[in-house]
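# Prediction below, plus the sequence it came from.
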Amino acid sequence: MSRRMLTATALAGVVGLGAAAVVWWVPDTGDGSTIAPSILGAPDGSVLAAGLSAPVSCDDLGATMAALAEAHAADGYGRGIGNPMWMNAEMDDAGGRTTATAGAAQESAPAADMGSGAQGASLGGDGALASTDGTNVQEAGVDEQDIVERVGDLVVTGTQGVVRVIEVRDGVPVERGSVQVGQWNDLGLFAVGPDRVAVVTSGGDTVVRPMDDSPSRSMIRPSGGQSSTVALVDLSDPDEPTVLSRLDLEGWTVDARAVDGVLRVVVRSEGPQIDPHAMGEFRADREMDWERATDEDYRRYEEEFAEEYEQRMAQGMQQLTAADWQPHVRVTGATGTDTVEPLVACDRIGFPTAFAGMGTLTLAAIDATGDTLAIDDATAVVTSGENLYSSTDRVVIASTRWEPCCDDTPAPMPEEEPLEVDPFFEEGEPAEPAGAPAAEATADVLPMITPGRPGMIWGGFPSDTDLHVFDVEGTLVTHVASGTVDGSLLNQFSMSIHDGVLRTATTDRDQNGNTESYVTTFRVEGDTLVRLGQVGDLGPDEDIQAVRFMGETAYVVTFRRTDPLYVVDLTDPAAPRTRGELKVDGYSAYLHPLRPGQLLGVGQDADPKDGRTRGLQVSTFDVSDPTAPTRIDVEVTPDSGSEAEHDHHAVTLTDDGLLVLPIELYDQSSGTSRLGAMVYEVAPDGQLTRRGLLDAGTRWELRPRRSLVVDGTLLT
């Protein structure tokens, strides 16, 4: 990179303090400091819950965030704009975690039930788990946002930022009306009444708080990053759907759920940004003669530019107020009037006792059953967050920590070479077709933050995962406990609550790239998330590809070259054990409950020699004997893939055994793809029959993504 290019990079724009921070201003930590002492390591201060330290005022919040940004400026902050991949490094005993026995925790506090929640499907349930609107969901009674919903007799879709209302007349879909809600992104829809749909979307660039143009605040950009929108759409006139109420939230949506019309929306905001260029051109740029510059001129330029840059950033930090660190929401009513207010109160923002970043993760409850949306209740944690699990009365948010990467990480799998194109309907041949002692029950207790301790790094690999548990009763949100589990989670199905016990499935990776997967159980005891038991040795040197918790059993799929399907017995949460294992070619990326003793898997066939994927694979399994699971049947479509492999909402399984999956068929010779939906029949004994392909052509924007049956007609 030339010196001129380096300068252009340095001039790129604003520096986000949530995702990246450069701080030269140190707040006064002597007598009279407003920094919340509990957050910075002193023994006193307020406690929100479960070891989270809470500021006692908004002034405490602002001073504490500024102090933390200062403390961790050298750990990866300030390396660019927007959202660099900053990571949370493991701390040593001086500033890191300590361990206490579960027995000690039990003696110090009474056990609190995790909450029964929806128990999840058991084998022997009523087939596909689905909410009343047809969306394939993880837990009964907990609706999930999707791009299509049944609302009464209407079908509502949400793509490209538009809510479209469809009526099915004698099997023919007819568009009635539409309304623009988002931009060019998918919308998350929830049916919240006989003629209402709630919309949750992220990715917009809506400015929730206008910038302050006063000279003293010229460099402050409020809560940078994306914004999220929650809207309530009235469908009483299908030809003219209207937006009744709208909320624009600072941050992007991690995920959302709905129970009895109350939305549970999790958003991640990155905090304020400082734009050092808002004060005008840098003096070094004005004085630099780029055409005649010598090496000495370049050296002097870089020194002067860096000095002025530091000065401007320090000035910008001094401009920050407590409100800059607090995420906000803009409320738009039916009259079009806007009001801006805090998304979450300052004293409801909890700080983990181990530094986990500068972003604010907020869980908000929003009653969508009326005519006006509002933030009914919210609580937040200063951390990141990737995966959301919800039962009817509990929400768990997972936040991955990261470790520095090493030089000897194993090379990735070889890239797939063009394969011979097999006949489209040639059936794949199925391949021919352990317990571990429970770990000692321990409770991970996180210490207070040590401000000067490096906690964030640039680049790395996933390490442990923080789990934040919330109780949600109607519109009331309460943080209950936080804890840590070994390794990282795949997705929402890696978490489940059953009979008050939180279960997780994770893959742990060391610095040499070696992996091991675990199923771990937890219970809330007092204000601590205590580990009850753990079983490991699942897929050594493989990664988890699919998980499904069903009743007191976990089904875990790992893969590198072949697919072991593990059956884990969770009858005794303190002593989980592996009961059975099945190895087949390929892997399942999604597991779905079928009839009693049966399981459906959707994933990829793979070459057992090198692990190269070969096409969409649908399998049925007999798990009636947990010690000896078997594959009943398999259907392989060569050179193909499906959205259902990474989004379970794309799976449609009707009560009479009709299975429909979106599919993309690759033509290796021409480099083109055909798009459609594959239709299967799943017989009561688990046998699979491919019924046909709904061919939608080659236009990507017209690809089938969801399917549903309305009055005997299959719609995509």
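Sure thing, it's come through.
# what kind of secondary structure is the residue in the chain sticking out farthest from the centre in?
Centroid-distance maximum for the chain: Arg292 at 51.7 Å, with C-alpha atoms, centre = their mean. Look at Arg292: counting by DSSP: H, G, I helix; E, B strand; the rest coil, its state is coil.
# now do Thr157
Assignment for Thr157 (three-state DSSP): strand.
# so it touches Arg164, yeah?
Yes: the criterion here is C-beta atoms under 8 Å, and Thr157 meets it with Arg164 at 4.8 Å. Where C-beta positions appear, they are placed from N, C-alpha and C, glycine not excepted.
# out of these two, which sits in the busier spot?
Each of Thr157 and Arg164 has its neighbours counted (other C-beta atoms under 10 Å); Thr157 has more, 22 against 18.
# Who does that one form a beta bridge with?
Val148, Arg164 (DSSP bridges).
# As a check, name the ranges of all helices in the protein.
3-10, 58-71, 102-108, 283-287, 295-319, 322-325 (DSSP state H).
# Now do the contacts for the residue lying closest to Leu591 once chain neighbours are set aside.
Leaving aside its chain neighbours, Leu591 sits nearest to Arg548 (3.9 Å; criterion: C-beta to C-beta, 6 or more residues apart in numbering). For Arg548, the contact set (C-beta atoms under 8 Å, 6 or more residues apart in numbering) comprises Phe493, Ala554, Tyr555, Leu591, His592, Pro593, Leu599.
# What about the last one, how many residues nearby?
For Leu599, the number of neighbouring residues by other C-beta under 10 Å comes to 25.
# For it, give its distance to Thr630.
Leu599 sits 11 Å away from Thr630, going by C-beta to C-beta, to the nearest Å.
# Mutual contacts of these two, please.
Phe621.
# Please spell out which residues along stretch 496-504 are buried.
Ser496, Ile497, His498, Gly500, Val501, Leu502, Arg503, Thr504 (16 or more other C-beta atoms under 10 Å).
# Start and end of it, how far apart?
7 Å (C-alpha to C-alpha, to the nearest Å).
# is it true that Pro638 touches Asp607?
No: using C-beta under 8 Å, Pro638 is not in contact with Asp607, being 11.9 Å away.
# More neighbours: which of these two?
Pro638 (21 against 15).
# For that one, give the beta-bridge partners.
Gly615.
# same deal with Asn387?
Beta-bridge partners, per DSSP bridges, of Asn387: Ala398.
# give the contact list for it.
Taking C-beta under 8 Å, 6+ apart, one finds Val254, Asp255, Ile397, Ala398, Leu489, Asn491, Gln492, Ser494, Met495 in contact with Asn387.
# I'd like the distance between it and Leu688.
31 Å.
# likewise Met495?
From Met495 to Leu688 the distance is 30 Å (C-beta to C-beta).
# And for Tyr680?
In terms of C-beta to C-beta, Tyr680 sits 6 Å off from Leu688.
# Any stretches of the stretch 201-350 of the chain with poor pLDDT?
204-205, 224-225, 334-336 (pLDDT under 70).
# cool, the stretch 551-700 of the chain as well?
Using pLDDT under 70, the stretch 551-700 of the chain drops low at 561-563.
# 50 instead, please
Across the stretch 551-700 of the chain, not a single residue meets the criterion (pLDDT under 50).
# In it, mark out all the strands, start to finish.
553-559, 562-569, 577-585, 587-593, 598-606, 613-622, 630-638, 640-641, 652-653, 658-667, 672-682, 688-697 (DSSP state E, counting those that start in this stretch).
# Does the fifth one pack against any helices or strands, and if so which?
Spelled out, that is strand 598-606. Judged by 3 or more C-beta pairs under 8 Å, 6 or more residues apart in numbering; DSSP states H and E, the packing partners of strand 598-606 are strand 543-550, strand 553-559, strand 562-569, strand 587-593, strand 613-622, strand 630-638.
# go on, the first one?
Contact partners of strand 553-559 among helices and strands, from 3+ C-beta pairs under 8 Å, 6+ apart: strand 501-509, strand 515-525, strand 543-550, strand 562-569, strand 587-593, strand 598-606.
# Given that strand, what are its sheet partners and their directions?
With DSSP bridges as the test, strand 553-559 is paired with strand 543-550 (antiparallel), strand 562-569 (antiparallel).
# how far does the first one sit from the chain's center?
It refers to strand 543-550. 16 Å (C-alpha atoms, centre = their mean, to the nearest Å).
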